[in-house]
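In: Return a 3D structure for these sequence lines:
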Amino acid sequence: MISRKGSALSTESSLKAKCYRDAYKYCIKRGLVMVPVSFTGHEPGFGIMGSCEVVFRAVSTNDYENARPNMIPGADVIIEHRER
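Out: Next up, the predicted model:
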């Protein structure tokens, strides 16, 4: 997983590009291929910094998971249920 937080001027797409580039470089250094699993990001707003998180797998070139990614969207809302 790679995550980034930006400034109030950073867009979600620019942070996403940086996350993907970092994940790609990580895998290339190890002779592996980056396979994205999921992405979550937020645009900056009033008092909120932009952010992104990319979850990926680092697999060998002949691994069966080295195929077209099936991206899983991140949750927009998390509901916590507590019972007493």
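In: C-alpha from now on. contacts and neighbour counts both.
Out: Noted.
In: Strands of the chain, start to end?
Out: Secondary structure of the chain (DSSP state E): strands located at 2-5, 33-42, 51-59, 72-73.
In: can you list these in JSON lines and add mean pLDDT and distance to residue 19?
Out: Converted to JSON lines, the strands of the chain look like this (pLDDT from 0 to 100; distance: least, Cα to Cα, whole Å):
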{"stretch": "strand 2-5", "mean pLDDT": "89", "distance to residue 19": "6"}
{"stretch": "strand 33-42", "mean pLDDT": "86", "distance to residue 19": "10"}
{"stretch": "strand 51-59", "mean pLDDT": "89", "distance to residue 19": "6"}
{"stretch": "strand 72-73", "mean pLDDT": "64", "distance to residue 19": "16"}
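In: In contact with the residue nearest the centre of the chain: list those residues for me.
Out: Taking Cα atoms, centre = their mean, the centroid of the chain lies closest to residue 54, which sits 1.0 Å from it. Going by Cα atoms under 8 Å, 6 or more residues apart in numbering, residue 54 touches 1, 2, 3, 16, 19, 20, 36, 37, 38, 39, 40.
In: Drop anything exposed from those.
Out: 3, 16, 19, 20, 36, 38, 39, 40 (16 or more other Cα atoms under 10 Å).
In: Just give the closest residue to the fourth one, not the sequence neighbours.
Out: What that stands for is residue 20. Residue nearest to residue 20 in three dimensions, not counting chain neighbours: residue 54, with 7.1 Å by Cα to Cα, 6 or more residues apart in numbering.
In: which residues in the chain form helices?
Out: Using DSSP state H, the helices of the chain run over residues 12-29.
In: so where's it shaky on pLDDT?
Out: Within the chain, the set of residues satisfying pLDDT under 70 comprises 67-78.
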